[in-house]
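[1] Okay, predicted coordinates and the sequence, questions at the end:
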Amino acid sequence: MKPLKSLTAVAAAYDRPNIDTDLIIPKQFLVGIGRSGFGRHLFHDVRFLEDGREDPGFFLNRPPFRQARILVARENFGCGSSREHAAWALGDFGFRVVLAPSFGDIFRNNAFNCGLAPIELPAARVEALIGLIGRRPGLELTVDLEAKLVSGPDGLAVPFDLDEHRRQMLLGGLDAIDLTLRSEEAIAAYERAHARPWEAALPDRGR
C-alpha cells in the first residue's frame with residue numbers, strides 16, 4: 001500500500017448520514033477478489049441514471065469534485081454489511097481519507113487494511129466542513145497524519161485522535177501482516193525462549 005503521511009487535496013461532501021456499504025458499492029458488483037476496478041461502480045445507484053449515463057446532479061459527476069481525494073460525510077458512514085469492496089471502491093476511485101463523526105466498525109477496519117484513512121471528527125466540525133465545501137466548491141483540505149491535524153483555509157485547524165497502531169499502518173503503507181513482520185525477530189526470539197523440549201525432535205515444518 002502507498003504510505004499516507006500528509007494529503008492536501010480537494011474535499012467533497014456527501015451530506016447524508018448512515019451511508020451503508022450497499023450504497024457505496026451495490027451487491028451486483030461484488031465480483032472478483034482483487035482490489036482494483038471497483039471505483040467505476042462507487043455509489044452506482046445514485047451516481048448513474050437508469051440508462052447508465054452519469055447523473056449530472058450527483059456531486060462526484062461535477063467538477064471540481066471529480067478530483068476529490070478527501071470525502072466528508074455524516075455519522076455512521078460505512079454501516080451495513082461487512083463487504084471489503086466498499087473500502088476498495090472508495091480507494092480505487094481515488095479517495096484516501098474519509099472524515100465523519102463515526103463509522104461502521106467493520107468498514108473502519110477494512111479501510112485501514114487497504115490504506116484508506118477513516119478519521120473521526122466531532123459532528124459540529126463535520127457540519128462546519130460540509131457548509132464550507134458548499135460555499136467554496138473546490139477548496140482543499142490538508143490531512144496530516146503525523147501532526148494529527150486537519151487544516152484548511154482561513155486558519156481552519158481541527159485536531160483528531162487516531163489509534164497509534166492504525167496510524168503507523170497508514171504512515172508506513174503497511175497492512176496488518178506487514179506490521180507483524182516488522183517484529184519477526186522479536187517473535188522468533190520469543191519462540192526460542194519458550195520452546196518446549198519435545199519440539200526439538202519434531203521435523204522442521206518451515207518455522
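    Here it is on my side, so go on.

[2] going forward, measure contacts between C-alpha atoms and count neighbours the same way
    Will do.

[3] Can you show me the helices along this protein?
    Taking DSSP state H as the criterion, the chain carries its helices at 21-24, 44-47, 85-93, 105-113, 123-135, 164-172, 176-181, 184-193.

[4] Now render the ones you listed as CSV, adding mean neighbour count.
    As requested, these are exported to CSV (neighbours: other C-alpha atoms under 10 Å):
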stretch, mean neighbour count
helix 21-24, 22
helix 44-47, 17
helix 85-93, 25
helix 105-113, 20
helix 123-135, 15
helix 164-172, 17
helix 176-181, 12
helix 184-193, 11
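
[5] possible to save those helices as TSV with mean pLDDT and distance to residue 156?
    Formatted as TSV, the entries for the helices of the chain read as follows, by pLDDT from 0 to 100; distance: least, C-alpha to C-alpha, whole Å:
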stretch	mean pLDDT	distance to residue 156
helix 21-24	98	29
helix 44-47	97	30
helix 85-93	97	25
helix 105-113	96	25
helix 123-135	97	10
helix 164-172	94	22
helix 176-181	73	33
helix 184-193	82	42
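
[6] The strand ranked longest in the chain pairs with which strands, and in what direction?
    Determined from DSSP state E, the single longest strand within the chain is strand 6-14. If you go by DSSP bridges, strand 6-14 pairs up with strand 70-73 (parallel), strand 140-144 (antiparallel).

[7] Run the chain-centre distance for the last one.
    On the basis of C-alpha atoms, centre = their mean, to the nearest Å, strand 140-144 is displaced by 15 Å from the centre of the chain it belongs to.

[8] pretty sure residue 143 is in contact with residue 157, am I right?
    No. With contact defined as C-alpha atoms under 8 Å, residue 143 does not reach residue 157; the gap is 9.9 Å.

[9] Neighbour count: the two, which is higher?
    For residue 143 versus residue 157, the count of surrounding residues by other C-alpha atoms under 10 Å is larger for residue 143: 28 against 14.

[10] who are the neighbours in contact with the closest residue to the more buried one other than its chain neighbours?
    Counting by C-alpha to C-alpha, 6 or more residues apart in numbering, residue 143 lies nearest to residue 150, which is 4.6 Å off, once chain neighbours are set aside. Taking C-alpha atoms under 8 Å, 6 or more residues apart in numbering as the definition of contact, the neighbours of residue 150 are 141-144, 156-160.

[11] what does the model give residue 150 for pLDDT?
    On pLDDT, residue 150 comes in at 98.

[12] give me the beta-bridge partners of it?
    Partner residues in beta bridges with residue 150, using DSSP bridges, are residue 143, residue 158.

[13] rewinding a little: intersection of neighbour lists for residue 143 and residue 157?
    Between them, residue 143 and residue 157 share the contacting residues 149-151, judged by C-alpha under 8 Å, 6+ apart.

[14] For stretch 149-156, C-alpha coordinates in PDB please.
    C-alpha atoms of stretch 149-156 as PDB (Å, rounded to 0.1, in the frame of the first residue of the first chain):
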ATOM      1  CA  LEU A 149      -4.500  17.700  12.200                       C
ATOM      2  CA  VAL A 150      -7.000  18.700   9.500                       C
ATOM      3  CA  SER A 151      -6.300  22.200   8.200                       C
ATOM      4  CA  GLY A 152      -7.700  24.400   5.600                       C
ATOM      5  CA  PRO A 153      -8.400  28.000   4.500                       C
ATOM      6  CA  ASP A 154      -8.900  30.900   6.900                       C
ATOM      7  CA  GLY A 155      -6.900  29.300   9.700                       C
ATOM      8  CA  LEU A 156      -9.000  26.200   9.900                       C
END
